[in-house]
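[1] turn this into a structure:
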Amino acid sequence: MNTPTIPVPQQRRLRAHFAFTGMPFRKNVKARNMFDSQSQRELRHGQHLWLEVRGLALVTGPSGVGKSISLRRLVAELPADRFTVHRFGQIPTTPAGFLRALARHLELRTRLHMADQFEDIRQALAHHEADHGTHPVLILDDAEGMRPATLDLVRRLTASELDGEEHVSILIAGTEQLLDTLRDPTLTPLRTRFTYAHQLRAFGMEDARNYVQFHVKGAGGPDSLFTDGAVSALFSASQGVPRQLNQLALQAMVDAVVHGLDTVDQNLMKRVLQAHPLYAVARG
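    Next comes the predicted model:
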């Protein structure tokens, strides 16, 4: 849910104008302090239940909807005495690059041949629980750039041994582009292996209203800072995507300070949308 960074002097003006004790809608939010929408609550519970089943999981959703912070929260909540988590934020797209990156995470030596590297990784994951007492979990975030051949390697890493045990759990997360890639005919075996899948949705109107109040209240601001009409206009323009909500809410607060206003109402929000170069659809 990244948002544009406001320089420190401007942040001070915003905080002083609205008597904030902190900065709302800020870029870096600790996972434990994230706002829980209905879809994120469903995802959170589903992820924990999935780890009882183990295997492969899939999380998709539009850019800016909150996938990464939800995954950060999952990692923070997993007990270290039961799980060892390896989280990839930038995944190499090629099979060779992916295997090298995974080998580094697992502290394995780099091998010249892909087949040898793959077997080293497979063996390390298969014996991890017996050797270390924790279940290995791989989280592949921003996976929309992965190629079919690389994704097929993921399936092969989770192929069960004769004992039928799932020795590693892998969660793949990405935008709709990832879904397009998964429709590749060569990935039919992978598609049938997912034990859990969730599509993280944008906010509905009620979640959007609560989200705005959550951030304003968390910053020590007044409940009436954004009127109902302003929130409605904000929701329509952002389509309920948290990152866009952040972007437009910050823009509206800046405009309020510039014009000496204490409240963001519907008229101000509409002026912001009409003047914003990135929201032509909202203007229409």
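
[2] return the helix or strand in the protein with minimum mean pLDDT.
    helix 280-283 (a mean of 48; mean pLDDT, DSSP states H and E).

[3] surely residue 269 and residue 234 touch.
    Yes: using Cβ atoms under 8 Å, residue 269 is in contact with residue 234, at 5.9 Å. Where you see a C-beta, it was placed from the backbone N, CA and C, and this is true even at glycine.

[4] for residue 245, see how far away the nearest residue in space to residue 243 that is not next to it in sequence is.
    In space, and not counting its chain neighbours, residue 243 is closest to residue 64: 3.0 Å by Cβ to Cβ, 6 or more residues apart in numbering. Going from residue 64 to residue 245 by Cβ to Cβ, to the nearest Å gives 9 Å.

[5] go on, residue 43?
    Distance, residue 43 to residue 245, by Cβ to Cβ: 18 Å.

[6] likewise residue 202?
    For residue 202, the distance to residue 245 equals 9 Å [Cβ to Cβ].

[7] neighbour count: those two, which is higher?
    The neighbour comparison of residue 202 against residue 245 (other Cβ atoms under 10 Å) goes to residue 245, with 27 against 21.

[8] the more buried one and residue 211 touch, don't they?
    Yes: between residue 245 and residue 211 there is a contact at 6.4 Å, judged by Cβ under 8 Å.

[9] joint contacts of the two?
    Here residue 245 and residue 211 share the contacting residues residue 203, scored by Cβ atoms under 8 Å, 6 or more residues apart in numbering.

[10] was I right about residue 149 contacting residue 93?
    No: look at residue 149 against residue 93 with Cβ under 8 Å: they stay out of range, at 9.6 Å.

[11] ok, the closest residue to residue 90 other than its chain neighbours - contacts?
    For residue 90, ignoring the flanking residues on the chain, the nearest one in space by Cβ to Cβ, 6+ apart is residue 142 at 6.9 Å. Neighbouring residues of residue 142 by Cβ under 8 Å, 6+ apart: 68, 89, 90, 91, 173, 174.

[12] now, of the residues you listed, which are buried?
    Listed as buried from those are 68, 91, 173, 174; burial here means 16 or more other Cβ atoms under 10 Å.

[13] how close does the closest residue to residue 147 other than its chain neighbours sit to residue 145?
    With sequence-adjacent residues excluded and distances taken as Cβ to Cβ, 6+ apart, residue 147 is closest to residue 93, at 5.4 Å. Distance, residue 93 to residue 145, by Cβ to Cβ: 5 Å.

[14] is it correct that residue 167 falls within a strand?
    No: counting by DSSP: H, G, I helix; E, B strand; the rest coil, residue 167 is not part of a strand but coil.

[15] tell me, how many residues neighbour the closest residue in space to it that isn't next to it in sequence?
    In space, and not counting its chain neighbours, residue 167 is closest to residue 126: 4.6 Å by Cβ to Cβ, 6+ apart. Residue 126 sits with 17 neighbouring residues when counted by other Cβ under 10 Å.

[16] would you agree residue 126 is in contact with residue 159?
    No: assessed by Cβ under 8 Å, residue 126 is found out of contact with residue 159, at 10.0 Å.

[17] any regions of the chain where pLDDT drops low?
    1-11, 160-164, 280-284 (pLDDT under 70).

[18] show me where it has its helices.
    8-18, 38-53, 67-77, 95-105, 114-126, 128-132, 148-157, 176-182, 188-191, 205-218, 228-238, 242-258, 266-275, 280-283 (DSSP state H).

[19] dump those helices to JSON lines, plus distance to residue 197.
    Formatted as JSON lines, the helices of the chain follow (distance: least, Cβ to Cβ, whole Å):
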{"stretch": "helix 8-18", "distance to residue 197": "40"}
{"stretch": "helix 38-53", "distance to residue 197": "9"}
{"stretch": "helix 67-77", "distance to residue 197": "13"}
{"stretch": "helix 95-105", "distance to residue 197": "21"}
{"stretch": "helix 114-126", "distance to residue 197": "22"}
{"stretch": "helix 128-132", "distance to residue 197": "24"}
{"stretch": "helix 148-157", "distance to residue 197": "14"}
{"stretch": "helix 176-182", "distance to residue 197": "10"}
{"stretch": "helix 188-191", "distance to residue 197": "10"}
{"stretch": "helix 205-218", "distance to residue 197": "21"}
{"stretch": "helix 228-238", "distance to residue 197": "26"}
{"stretch": "helix 242-258", "distance to residue 197": "21"}
{"stretch": "helix 266-275", "distance to residue 197": "35"}
{"stretch": "helix 280-283", "distance to residue 197": "30"}
